[in-house]
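Asks: structure of the sequence below:
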Amino acid sequence: MKAVIVREHGPLENLTLETIADPVAGPGEVVIDIAACAVNFADSLMVDGSYQVRPPLPFSPGVEVAGIISAVGEGISRWKKGDRVQALTNWGGFAEKVAVPEQALCRLPDAMSYVDGAAFVVAYGTSHVALDYRAKLQKDEWLVVNGAGGGVGLTAVEIGKMLGARVIATAGSDGKLALAREKGADFTINYTSEDIRDRIKAITGGKGANVVYDPVGGDVFRQSFRSLAPEGRMLVIGFASGDIPKIPANHLLVKNIELIGFYWGAYKDFKPEILQDSTRQLFDWYKESRIKPHISATFPLTDTADAIRALRNRTSAGKVVVTNELTR
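Replies: Residues are numbered from 1 along each chain as shown. Got it, this is the predicted structure:
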């Protein structure tokens, strides 16, 4: 099979498209013929060796795939060849095939395309579990979503509205803010030309934000952190800006603020039932046409580096997906 391989950590130019041996389904595993693999910031970090999970070299990045089961290992009874599935891999998704354990599989709804399937679970799951389970977002609270034009940011706008919040979306371009409004944002802030803190205070009548969802970091984090209302909750989702901010702990004390770190992938190991319940809810909402991923671009497997670069440079809105010929 063809696969995009990292043999040495470093720039995206290190990625090579190679022909390697097909995976084999071991006991409790299936092989998926991959139709689509979503691009996540984890992929970029894996390539340069800065992600918290460091696969042994050589490896293929890609953690979120959709496709068709082509082989079934010993001990598998719930799945068969030809089943359409979505799966979370630790890595290996930027390839034509991947072997995954049975517990990594979700059945794709009949109406869901492979591209939507690949782009669905991590982005929506991150926002749903973060806002509902961790931050306990309440009806009519003020929710600020930073980086609202990105893959997880757009889903946070959608999920926040579904939970009954009043949503303020921030992003770095008017085009991304227009997309956030389409997904339900009540107010928008362009942080390249507007002061986030001042605008949030004005929008909320001086009360401030109850919850801030931040996958950006840097000055966007610092400004929105200072806009929190008493007993506000700040969700640390990631650092797309590359700037990991320092936290003024005295502000937590004075305003009774909660700072909440959130890494969705950790729940796969220590509380998998949280992700399972969330995924079932999210697929139900998709089947009811209440949520749908925004795919800004698709790239063939040969152009995987360009796909990761589009996400890294924050030139894309919504999700970026790498596809194989199987895609429909």
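Asks: on the three-state scheme, Gln276 is what?
Replies: helix (DSSP: H, G, I helix; E, B strand; the rest coil).
Asks: would you mind writing the CA trace of stretch 163-173 as CSV?
Replies: Taking Å, rounded to 0.1, in the frame of the first residue of the first chain, the C-alpha atoms of stretch 163-173 are listed here in CSV:
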residue,chain,number,x,y,z
LEU,A,163,-26.7,23.9,24.8
GLY,A,164,-28.5,27.2,25.0
ALA,A,165,-25.6,29.6,25.4
ARG,A,166,-25.2,33.1,24.0
VAL,A,167,-22.1,32.7,21.7
ILE,A,168,-19.4,35.3,21.0
ALA,A,169,-17.1,34.0,18.3
THR,A,170,-13.6,35.4,17.7
ALA,A,171,-11.4,34.8,14.7
GLY,A,172,-8.7,36.5,12.6
SER,A,173,-10.7,37.2,9.4
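Asks: report the buried residues of that stretch.
Replies: Residues 163, 165-172 are the ones in stretch 163-173 that count as buried (16 or more other Cβ atoms under 10 Å). C-beta here means a position set from N, CA and C on the backbone, and glycine is covered the same way.
Asks: which of these sits closest to Tyr267?
Replies: For these, the minimum distance to Tyr267 (Cβ to Cβ) is 18.9 Å, reached by Leu163.
Asks: identify the residues contacting the nearest residue to the closest one once chain neighbours are set aside.
Replies: Leaving aside its sequence neighbours, Leu163 sits nearest to Leu137 (Cβ to Cβ, 6 or more residues apart in numbering; 5.1 Å). For Leu137, the contact set (Cβ atoms under 8 Å, 6 or more residues apart in numbering) comprises 131, 143, 160, 163, 165, 210-211.
Asks: most neighbours among those, which one is it?
Replies: In terms of neighbour count, Gly160 stands highest of the contacts of Leu137 at 31 neighbours, by other Cβ atoms under 10 Å.
Asks: Asp214 touches Ile237, doesn't it?
Replies: Yes. Counting by Cβ atoms under 8 Å, Asp214 touches Ile237, with 5.9 Å between them.
Asks: when the two are compared, which one has more neighbours?
Replies: Asp214 (28 against 25).
Asks: helices of the chain, start to end?
Replies: For the chain, the helices defined by DSSP state H occupy 41-48, 114-118, 121-128, 151-162, 174-182, 196-203, 218-225, 249-255, 267-270, 272-287, 304-312.
Asks: ok, of the ones you listed, where does mean pLDDT dip lowest?
Replies: Mean pLDDT is lowest for helix 267-270 out of these, coming in at a mean of 84.
Asks: rewinding a little: how about the helices of the chain in CSV, adding distance to Val320?
Replies: What follows is those, written out as CSV (distance: least, Cβ to Cβ, whole Å):
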stretch, distance to Val320
helix 41-48, 10
helix 114-118, 10
helix 121-128, 11
helix 151-162, 8
helix 174-182, 14
helix 196-203, 26
helix 218-225, 21
helix 249-255, 35
helix 267-270, 23
helix 272-287, 19
helix 304-312, 5
